[in-house]
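Participant: The sequence and its predicted three-dimensional model are supplied below.
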Amino acid sequence: MSLVTQGGWTPVQIAGKALEWLWGRKKPIIVVVALVGVVKIRQHLKRKERRRKWNEAGKDVVVLHMFQRGLTCPSPSPSILKLETYLRIAEIPYQIDHEEPMGKKGKCPWITVNGEDVADSQLIMEYLGPKFRKDLSSHLTAEEKAVAHSMQIMVDEYFLWCLMVWSYVQERGRPLLKCVYIPVPFRFMIHMFAKRFEKATLVQGIGRHSFREVEEMGRKCLLSPLCSVGCLQTFPFSLFLTTSGQNPFMMGDKATELDCSVFGMLAQVMWCSPNSAYLRMLESDYRNLYDYCIPYMKKFYPDWDKCLDKRRQ
C-alpha cells in the first residue's frame, strides 16, 4: 500500500508538520518533556551500570546498600548498623554500596545478593539466616527465644521512637550535624528531615507526649520487666548483662540476633546522641549497658576507625 495519502502527504510529513506546530505553540512544554526524558534515560543507564557492578560482586556476596558512613559511628542509622553487625557476626561476605541507598520500597538498608533484592533489616536477617544456615539463636531454648524476641521488638519498635523524639523533635535534628558529614549548602535540609520525623512521631502517637514523658518511656525500655514464657519471673533489660563479664552478650556467652538490634541502638546513644538524657542514663544508672558496647565494638568492629567518614564539618 502506498504511503502517500490522497492529499499527497506522507505520514512522515504529517508528523513533521505536527511537531512544527507543537514547537511553535508548546515550545516550553516540549523542552521540559525532552529534558525529563534525557534525565530518565541517564538514570536508567546509571542504574543498569550499578546493577552490573552488584552482580559482579560474586556468588553469595551480599551487597549492602546504605547511606554514607558516620563521623563518630559506622552508621547513624540503628537499622543499618544492626544489619551490618549481623553480617559480621554470621561471617557472611558483603560489600558496601553508597550509590543507591534507597531501595524499591523506599527503605534503607536493603541488599542485593545473587541478583535478588531484599529490603528491611529484620526481613533481610530472616532471609539470610536460612540461606546461609546462620541461626544465631539456635542454642537458645524456646523460652529464651520468646524473651529475646520480645526484647528485640522493644528495642526496634519502641525505644527507637523515643530516640527519634529526642533527635528530631526535641533537638530539631542538630545531633545529625555532629555525626554525619553534610556539606554546608545542604544543611538547610536538616530542618526538613526534622519536620518529616516529627510528623511520623505524631502519626505513631509518641510525639503527642511531653519530652519528659517520652524520656521516662525510654528509661523503662532500658530497664523493662518482661514476662518469660511459662512463668511470671521478670527479666530487667539491663540486668541481662553483668559488669563482671559473666554474660558478655544479651542472652549469654554467644551473640544472637538480639545483640545486633541492641548494639545497633545503643551505639546511636553512645556515639550519635551527645548530651542526651539516654547517654546520661547509660553512663550512670545502667553502666553495664554502657560497658557492654565497648568490648562488643572491639570484637566485631576491629576496623571501627576505618569504617568512619574521615571528612569533617
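Facilitator: Received it, and whenever you're ready, just let me know what you need. Bear in mind the structure is a predicted one, so any value in this text is a computation, not a measurement.

Participant: List the backbone torsions phi and psi for residue 164.
Facilitator: phi -60, psi -40 (degrees, to the nearest 10).

Participant: ok, so what distance separates the nearest residue to it once chain neighbours are set aside from residue 117?
Facilitator: Closest residue to residue 164 in three dimensions, ignoring its sequence neighbours and counting by C-beta to C-beta, 6 or more residues apart in numbering: residue 197, at 5.7 Å. C-beta coordinates here come from the backbone N, C-alpha and C atoms, glycine included. Using C-beta to C-beta, to the nearest Å, one obtains 26 Å as the distance from residue 197 to residue 117.

Participant: where does residue 223 land on pLDDT?
Facilitator: Residue 223 carries a pLDDT value of 80.

Participant: Would you map the helices across the stretch 51-200 of the chain?
Facilitator: In chain order, the stretch 51-200 of the chain shows helices spanning 78-89, 121-132, 142-154, 160-164, 174-179, 189-204, with DSSP state H, counting those that start in this stretch as the criterion.

Participant: shaky segments in the stretch 101-250 of the chain?
Facilitator: Applying pLDDT under 70 to the stretch 101-250 of the chain picks out residues 224-246.

Participant: With neighbour numbers in mind, choose between residue 197 and residue 117.
Facilitator: Remark: of residue 197 and residue 117, residue 197 carries more neighbours, 19 against 15, as counted by other C-beta atoms under 10 Å.

Participant: The more buried one touches residue 168, doesn't it?
Facilitator: Yes: when contacts are counted by C-beta atoms under 8 Å, residue 197 is listed as touching residue 168 (3.7 Å).

Participant: follow-up on the earlier one: what's the most buried one of the helices of the stretch 51-200 of the chain?
Facilitator: Mean neighbour count, computed with mean count of other C-beta atoms under 10 Å, is highest for helix 78-89 among the helices of the stretch 51-200 of the chain, reaching a mean of 24.

Participant: Could you list the domains of this protein?
Facilitator: Using automatic domain parsing, the domains assigned to the chain come out as 9-43, 142-307.
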